[in-house]
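In: Let's see this in three dimensions:
(one chain, ligands or ions: 1)
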Amino acid sequence: MLTLKNVSFAYNTVPVLKNINFTIEKGKHIALIGASGCGKSTLLKIIYGLLDTNQGTLFWDNQKILGPAYNLVPGQENMKYLSQGFELQPYRTVAENIGQYLSNFEPELKIGRVNELLEIVEMLPFKDIKVENLSGGQKQRVALAKVLAKRPELLLLDEPFGNIDNFRRSSLRRNLFAYLKRNKITSITATHDKTDILSFAEETIVIHNGEIIDKNDTHTIYNNPENYYIASLFGEVNQLPTAAFLSGFENDHTILLYPHELQIVENSDLKASVKKSYFNGNHYLIEAVFNNKVIFIEHPYRIENSKEIGIQVSQEILTSRAKK
Ligand SMILES: Nc1ncnc2c1ncn2[C@@H]1O[C@H](COP(=O)(O)OP(=O)(O)OP(=O)(O)O)[C@@H](O)[C@H]1O
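Out: Residues are numbered from 1 along each chain as shown. So this is what the prediction gives:
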């Protein structure tokens, strides 16, 4: 289990992380989300032992995690941290990079292990290519394989798929998280991509200005976001007066609705005016004005600009989302 108790940190005088407390059970996949600059990378570096905290303690099971002031070689033995810079050796081949820290004692085993990792990251054909000749996305995949090589107990991933094209990203993510589950490897992934979060993270930790403002199972955080900031980390969100949809609420009370939760219907007293339709592949994102406020609605078809539309929200969503 990973335990953080009252952890605070500042690079200079400005606090970056404030009084962080949480525990993570072994084998869980955690997403770490928050706006750019909120402190996600800093938190991963502290957990890995690359930075000394100003206050607080960290444990992996019963072992205290110590920073560079106490550890000659910063970084924890049983963890691996994949930073946004990949830290590969450019003049060595893909296979040499991945196998760098593997024992040469049994060469067959080493080759088998490197090949297994190359398959996970779909880089087997590039095995003998020098890293300097790879694209950014290919380097990122090699870096991922490298951090898996010595079977860490805890894997800390900072935007691990940021450079990888959508086509590969989906299968890579599936391969990687299935591998981590099979091998009971705990992971914390700092990410801006909601697919990383929704499909693979059992739990999500939300950071805002260096503080943890929510930690819960991912379904709960997505389905019942505590506030606009949290909901907006998953994409567009509408914050609308609850009284427009449900009686018994004060005028200043608001409800958060994702674009797919608003429907465009013929018969509704709730009227909005269309501003623009954005093509999104399997649907259009309709930008409209409702109650003098811009809203976004998912809809299967394009709608003419300036057209008046009726909107509705299912009773089920309204009652589950609106809090008195
Ligand atoms: N080495 C450093 N020295 C001083 N300030 C730093 C340093 N690294 C980061 N910061 C500052 O600390 C804050 C948190 O940065 P951090 O990289 O942890 O954020 P983040 O949430 O990971 O951002 P992003 O999502 O953009 O990667 C930011 O204000 C950043 O400017």
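In: going forward, measure contacts and count neighbours with C-alpha atoms only.
Out: Noted.
In: Tell me the residue of the stretch 201-324 of the chain that sits nearest the ligand?
Out: Nearest residue of the stretch 201-324 of the chain to the ligand: G210, at 7.5 Å (Cα to the nearest ligand atom).
In: ok, that residue - contacts?
Out: P15, V16, L17, K18, C38, G39 (Cα atoms under 8 Å, 6 or more residues apart in numbering).
In: Next, the buried residues of stretch 256-263.
Out: Buried residues in stretch 256-263, defined by neighbour count with 16 or more other Cα atoms under 10 Å: L256, L257, Y258, P259, E261, L262, Q263.
In: So which of those residues are in strands?
Out: L256, L257, Q263 (DSSP state E).
In: How about the second one: which residues does it bridge to?
Out: Going back to what we said before, that points to L257. Beta-bridge partners of L257, counted by DSSP bridges, are N238.
In: Quick one: residues contacting it.
Out: V237, N238, Q239, L240.
In: Please check these and keep the buried ones.
Out: For those, a neighbour count by 16+ other Cα under 10 Å gives the buried set as V237, N238, Q239, L240.
In: got a list of contacts for stretch 76-95?
Out: By Cα under 8 Å, 6+ apart, stretch 76-95 touches 44-45, 48-49, 65, 97, 114, 126-132, 139-140, 142-144, 147-148, 152-160.
In: err, stretch 8-15, not the other one
Out: V16, L17, K18, N19, I20, D52, T53, N54, Q55, G56, G210.
In: And those, which two are furthest apart?
Out: Farthest apart among the contacts of stretch 8-15 by Cα to Cα are D52 and G210. That separation is 15.9 Å.
In: one step back: now the residue of the stretch 201-324 of the chain closest to the ligand: closest residue in space, sequence neighbours ignored.
Out: Among residues not flanking G210 along the chain, L17 sits closest, at 4.1 Å (Cα to Cα, 6 or more residues apart in numbering).
In: Please enumerate the strands of the stretch 151-300 of the chain.
Out: 154-158, 186-190, 203-208, 211-217, 238-241, 254-257, 263-265, 271-279, 284-290, 293-299 (DSSP state E, counting those that start in this stretch).
In: What parts of the stretch 101-250 of the chain come near the ligand?
Out: Of all the residues in the stretch 101-250 of the chain, not one is in contact range of the ligand (Cα under 6 Å from any ligand atom).
In: tell me the domain boundaries of this protein?
Out: According to automatic domain parsing, the chain comprises the domains 2-229, 236-321.
In: I'd like the mean pLDDT over the first one, please.
Out: Per-region confidence: domain 2-229 scores 93 on mean pLDDT.
In: Compute the first-to-last residue distance for that domain.
Out: Taking Cα to Cα, to the nearest Å as the measure, domain 2-229 stretches 26 Å from start to finish.
In: likewise the shortest one?
Out: Distance between the boundary residues of domain 236-321 (Cα to Cα) amounts to 17 Å.
In: what is the rounded mean pLDDT of it?
Out: 95.
In: Nearest to V7, out of the strands of the stretch 151-300 of the chain?
Out: Nearest to V7 among those is strand 211-217 (10.1 Å), distances taken as Cα to Cα.
In: quick one, which of the domains of the chain is packed in tightest?
Out: Mean neighbours per residue, mean count of other Cα atoms under 10 Å, is largest over the domains of the chain for domain 2-229, with a mean of 18.
In: thinking again about what came up before, want to try CSV for the buried residues of stretch 256-263, with distance to K194 as columns?
Out: Shown next, in CSV, are the buried residues of stretch 256-263 (distance: Cα to Cα, whole Å):
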residue, distance to K194
L256, 17
L257, 16
Y258, 13
P259, 15
E261, 17
L262, 20
Q263, 22
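In: any idea which of these is closest to I30?
Out: Nearest to I30 among the buried residues of stretch 256-263, counting by Cα to Cα, is Y258 at 22.8 Å.
In: Ramachandran coordinates for the closest residue to that closest one other than its chain neighbours?
Out: Leaving aside its chain neighbours, Y258 sits nearest to V237 (4.6 Å; criterion: Cα to Cα, 6+ apart). Backbone geometry at V237, expressed as degrees, to the nearest 10, gives phi -150, psi 150.
In: Give the other helices and strands that the helix or strand where T42 lies contacts.
Out: Secondary structure from DSSP states H and E places T42 in helix 40-48. For helix 40-48, the contact count by 3 or more Cα pairs under 8 Å, 6 or more residues apart in numbering; DSSP states H and E identifies strand 15-24, strand 79-82, strand 154-158 as packing neighbours.
In: Looking at the ones you listed, spot the one closest to V73.
Out: Between these, strand 79-82 lies closest to V73; by Cα to Cα that is 13.3 Å.
In: mind checking how far the closest one is from the chain centre?
Out: Relative to its parent chain, strand 79-82 has a centroid offset of 16 Å by Cα atoms, centre = their mean, to the nearest Å.
In: Follow the chain on from it and name the next helix or strand.
Out: Note on strand 79-82: by DSSP H and E, the next helix or strand toward the C-terminus is helix 94-98.
In: circling back: mind putting the helices and strands packed on helix 40-48 into a markdown table with distance to E316?
Out: Output for the helices and strands packed on helix 40-48, formatted as a markdown table (distance: least, Cα to Cα, whole Å):
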| stretch | distance to E316 |
| --- | --- |
| strand 15-24 | 32 |
| strand 79-82 | 42 |
| strand 154-158 | 37 |
